[in-house]
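[1] for reference, the sequence and a predicted model appear below.
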Amino acid sequence: MTRGGRLFGLWTAALAVYAFLYLPLAVVVIFSFNDSLLNAEWVGFTTRWYGQLFENTEMLRAAANSLIIALGAATLATVLGSMAGIALQRWQSGFLRALPFLVLAPVAMPEILLGVSLLLFFRQVLDLTLGLVSILVAHITFSIGFVAIIVRVRLAGLDESLFEAARDLGASPWQTFRWVTLPLILPGILAGFLMSFTLSIDDFVITFFVAGVGVTTLPLQIYSMIKVAVSPEVNAVSTLLMALTLTLIALASKLAPDTLQGRA
């Protein structure tokens, strides 16, 4: 086979994979504007499903729960994850040698395993009533590792001579962190916050295990709605959620491009 034939085959395979991944998403977006209760065929263009979506009290309550949990989880995970990322980069002695494993384990662990583990921990160990608090703690748990990775990579890309110069000029450790380290890693911290928010507001598997009775988030509400059929309102809320997620990921990639593109 010639070089041109091999390149054509690779491009064809790549396009087929991307089509398999993104065509279903495009169908969801297109049919959110379909003027029909059924998704079997295209009838006409309309935006009324988005209007009905904002009149759905159950959907609005679920969206409010998701936003509250995502903001709380992202904030706390950013603080704790940033501290862990700095520790991972700066200190590698004593008991801190086990820190990478402890921080990164929730990232590598399958979601269903993490969900079951948290459920057993909340109920059998803490005897905690499942609800918004249990969801918040669960989301913080799996978000900390992502923030720590982003902050650690951001620190690894900085010149250590900057911190040494600050200390040589008489700055205390706190002053060095406040005036040198923090401004330099701030884009990574913001990217970690956006990533944590995205992961939290989209999460279904772990939330399904730790939500409890009577508490629902947006992914759980969508799941309950599609048990019967995929209504146009489901397409509409999925489109909005997709737009929010892609926007936050784009912002995170702008703030910390080296981290999210896999370059240290």
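    Cool, got the structure. Numbers count the residues shown, from 1 in each chain.

[2] every contact and neighbour count from this point should use C-alpha atoms.
    Fine.

[3] and residue 233, how many residues sit next to it?
    Residue 233 has 24 neighbours, counted by other C-alpha atoms under 10 Å.

[4] show the contacting residues for it.
    Residue 233 makes contacts with 32, 49-50, 52-53, as judged by C-alpha atoms under 8 Å, 6 or more residues apart in numbering.

[5] for the chain, where's the lowest mean pLDDT among helices and strands?
    helix 257-260 (a mean of 54; mean pLDDT, DSSP states H and E).

[6] so which of the contacts of residue 233 wins on neighbours?
    residue 32 (27 neighbours).

[7] quick one: contacts for residue 189?
    Residue 189 touches 78, 82, 147, 150-151, counting by C-alpha under 8 Å, 6+ apart.

[8] now the strand or helix carrying residue 249: mean pLDDT?
    In this assignment (DSSP states H and E), residue 249 forms part of helix 232-255. What helix 232-255 shows for mean pLDDT is 82.

[9] and the furthest pair within the contacts of residue 233?
    By the measure C-alpha to C-alpha, 32 and 52 form the most distant pair in the contacts of residue 233, at 11.8 Å.

[10] for the most centrally placed residue in the chain, which non-adjacent residue is spatially closest?
    Centroid-nearest residue in the chain: residue 199, 1.9 Å away (criterion: C-alpha atoms, centre = their mean). Of all residues not flanking residue 199 in the chain, residue 143 sits nearest, at 7.3 Å (C-alpha to C-alpha, 6 or more residues apart in numbering).

[11] wait, isn't that neighbour in contact with residue 77?
    Yes: Residue 143 lies in contact with residue 77 (C-alpha atoms under 8 Å); the separation is 5.9 Å.

[12] need the overlap of contacts for those two.
    residue 196.

[13] okay, the two: which has more neighbours?
    residue 143 (30 against 27).

[14] okay, and the more buried one sits in which element?
    Residue 143 belongs to helix 132-156 when assigned by DSSP H and E.

[15] on contacts alone, who are the packing partners of that helix?
    helix 57-90, helix 99-108, helix 182-202, helix 205-210, helix 257-260 (3 or more C-alpha pairs under 8 Å, 6 or more residues apart in numbering; DSSP states H and E).

[16] 10 Å - rerun?
    helix 57-90, helix 99-108, helix 111-120, helix 182-202, helix 205-210, helix 257-260 (3 or more C-alpha pairs under 10 Å, 6 or more residues apart in numbering; DSSP states H and E).

[17] what comes up buried for stretch 192-203?
    Within stretch 192-203, the residues that count as buried by 16 or more other C-alpha atoms under 10 Å are 192-203.

[18] now do stretch 12-30
    28-29.

[19] need the contact partners of that stretch.
    6-11, 32, 39, 42, 45, 230, 232, 234-240, 242-243 (C-alpha atoms under 10 Å, 6 or more residues apart in numbering).

[20] just the buried residues of these.
    32, 39, 230, 232, 234-239.

[21] dump the buried residues of stretch 192-203 to CSV, plus distance to residue 182 and pLDDT.
    As requested, those are exported to CSV (distance: C-alpha to C-alpha, whole Å; pLDDT from 0 to 100):
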residue, distance to residue 182, pLDDT
192, 14, 89
193, 15, 91
194, 17, 88
195, 19, 88
196, 19, 91
197, 21, 91
198, 23, 88
199, 24, 90
200, 25, 92
201, 27, 90
202, 29, 87
203, 30, 90
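
[22] which one of these is nearest to residue 115?
    residue 203 (10.9 Å).

[23] and the closest residue to the closest one other than its chain neighbours, what's its pLDDT?
    Nearest non-adjacent residue to residue 203, counting by C-alpha to C-alpha, 6+ apart: residue 219, 6.9 Å away. Looking at residue 219, its pLDDT reads 90.

[24] before we move on, what about residue 79?
    pLDDT, residue 79: 94.

[25] how far away is it from residue 119?
    Separation of residue 79 from residue 119 (C-alpha to C-alpha, to the nearest Å): 24 Å.

[26] higher neighbour count, those two?
    residue 119 (24 against 16).

[27] ok now do that one, which residues does it touch?
    So residue 119 contacts 113, 125, 128, 130, 134-135, 138, 206-212 (C-alpha under 10 Å, 6+ apart).
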